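Sequence first, then the predicted structure, then my questions.
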Amino acid sequence: MVTKRMNDKPEIYASALFLPVALILAACQPGAVPQSLAATPQWIAYTYLDGENVYAPQRLAQPPTRGSFTETEFERTPEGTRLRAVLRDGTLYVYLDIDQIWTSDPSWDVRQMLVADLDDDGQDEAAFVVWKPLTLEPSVFHDVFRFESPFVEGSARNHLFLYGWRDGEWRATWCSSPIADPIHMMAAGDVDGDGANELVLLEVSYDDDPDEAARHVAVWRWNGWGFTLQWRSNPGRFCDLMLQDLTGDEVPEILVQDGC
């Protein structure tokens with residue numbers, strides 16, 4: 001068993017609350033030695049117990065079966081109507097029955113979408129990864145925190161947005177500020193078997209091509225107002241991610257392709 005301790009856990013918050021944390025995260029460099037199991041891409045599985053205990057990754061004999069990331073249907077709304085979300089060419093569309101009720105902003109590049117209850121409110125949300133131009137707010141960056149922005153106005157920054165059907169309308173339930181370690185790919189599931197979903201990510205750097213291999217696998221958990229990092233893998237070259245129960249205990253393992 002590999003034990004990975006994270007006593008000072010970074011957090012992702014919405015709006016201005018995330019900004020000082022983002023600076024702290026950006027300044028931290030992982031101290032682990034790079035570790036890859038294969039010279040060519042190979043599917044491996046992590047068994048996650050909690051933020052301090054993760055079994056060393058095991059190679060998979062056969063590649064897993066992948067589901068769709070482009071279209072998903074919610075449970076029917078309290079009004080009895082059919083709600084679904086469709087991701088097409090970087091734009092997210094939401095339909096109520098046959099009517100299109102929402103489209104993501106034209107300036108957004110939506111990379112991935114999934115439906116899960118990530119904020120522990122008992123209702124599913126659409127979680128989606130967005131690249132969008134940064135708009136600076138001087139009063140937040142300087143007047144409040146007394147530091148200049150680490151990012152350039154108009155540069156593409158990575159965000160995680162949660163939207164859902166609430167009080168008879170489609171609306172945002174939580175939106176992050178620019179994320180310090182951009183999301184390459186995500187999955188959601190109860191990987192520790194405690195009854196609540198975790199957010200599992202492949203993370204890259206702003207210095208990387210976002211379409212190239214990710215550097216880390218990470219597990220994040222909702223803390224009531226944002227997400228807290230529970231565990232982060234040693235560096236690797238990861239290019240795929242999914243969650244599947246391989247052992248029959250109804251708790252999914254974290255499957256990634258390494259050596260990409």
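Everything's here; your move.

Is it correct that A213 is in contact with C239?
Yes. The criterion here is Cβ atoms under 8 Å, and A213 meets it with C239 at 4.9 Å. To be clear about C-beta, it is placed using only N, CA and C from the backbone, and glycine gets the same treatment.

which neighbours do the two share?
C260 (Cβ atoms under 8 Å, 6 or more residues apart in numbering).

Need the pLDDT of V152.
Note for V152: predicted pLDDT of 56.

let me fix that: P182
Taking P182 on its own, its pLDDT is 92.

For it, which non-adjacent residue is closest in space?
Leaving aside its chain neighbours, P182 sits nearest to N158 (3.6 Å; criterion: Cβ to Cβ, 6 or more residues apart in numbering).

Can you check my assumption that the one you found lies in a strand?
Yes. With DSSP: H, G, I helix; E, B strand; the rest coil as the criterion, N158 is located in a strand.

can you pull up the bridge partners for L160?
V129 (DSSP bridges).

do the same with V110
With DSSP bridges as the rule, V110 is bridged to V130.

so how far is F74 from the residue nearest to P182?
Distance, N158 to F74, using Cβ to Cβ, to the nearest Å: 25 Å.

pLDDT weak spots in this protein?
1-39, 65-71, 75-76, 78, 135-154 (pLDDT under 70).

hey, where'd the helices end up in it?
With helices called from DSSP state H, the chain shows them at 19-27, 138.

residue contacts, the closest residue in space to D117 that isn't next to it in sequence?
Distances taken as Cβ to Cβ, 6+ apart put D124 closest to D117, at 5.3 Å, once the chain neighbours are dropped. By Cβ under 8 Å, 6+ apart, the contact set of D124 is 74-75, 115-117, 164.

What about these, which are in strands?
115-116, 164 (DSSP state E).

What about the residues you listed, which one has the most neighbours?
If you count neighbours using other Cβ atoms under 10 Å, the busiest of the ones in strands among the contacts of D124 is G164, which has 22 neighbours.

Run through the bridge partners of that one.
Judged by DSSP bridges, the bridge partners of G164 are R171.

dump the residue contacts of it.
Counted by Cβ under 8 Å, 6+ apart, G164 has contacts 123-126, 170-171, 173.

And the strands in the stretch 101-250 of the chain, which stretches?
109-116, 125-133, 156-166, 169-175, 183-189, 198-203, 216-222, 226-232, 240-244 (DSSP state E, counting those that start in this stretch).

Now tabulate those strands in TSV and tack on distance to T81.
Formatted as TSV, the strands of the stretch 101-250 of the chain follow (distance: least, Cβ to Cβ, whole Å):
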stretch	distance to T81
strand 109-116	16
strand 125-133	16
strand 156-166	9
strand 169-175	11
strand 183-189	24
strand 198-203	28
strand 216-222	27
strand 226-232	30
strand 240-244	29
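
Can you tell me which of those strands is most buried?
strand 198-203 (a mean of 25; mean count of other Cβ atoms under 10 Å).

Pretty sure the residue nearest to P182 sits against P133.
No. Here N158 lies out of contact with P133, judged by Cβ under 8 Å, at a distance of 11.8 Å.

And for N223, the neighbour number?
Here the number of neighbours of N223 (other Cβ under 10 Å) works out to 14.

ok, it to D120 distance?
Taking Cβ to Cβ as the measure, N223 falls 10 Å from D120.

Tell me who's in contact with D208.
So D208 contacts R215 (Cβ under 8 Å, 6+ apart).

Next one: it relative to W170, how far apart?
On the measure of Cβ to Cβ, D208 and W170 end up 33 Å apart.

again, but for G122
Distance of G122 to W170, given as Cβ to Cβ: 18 Å.
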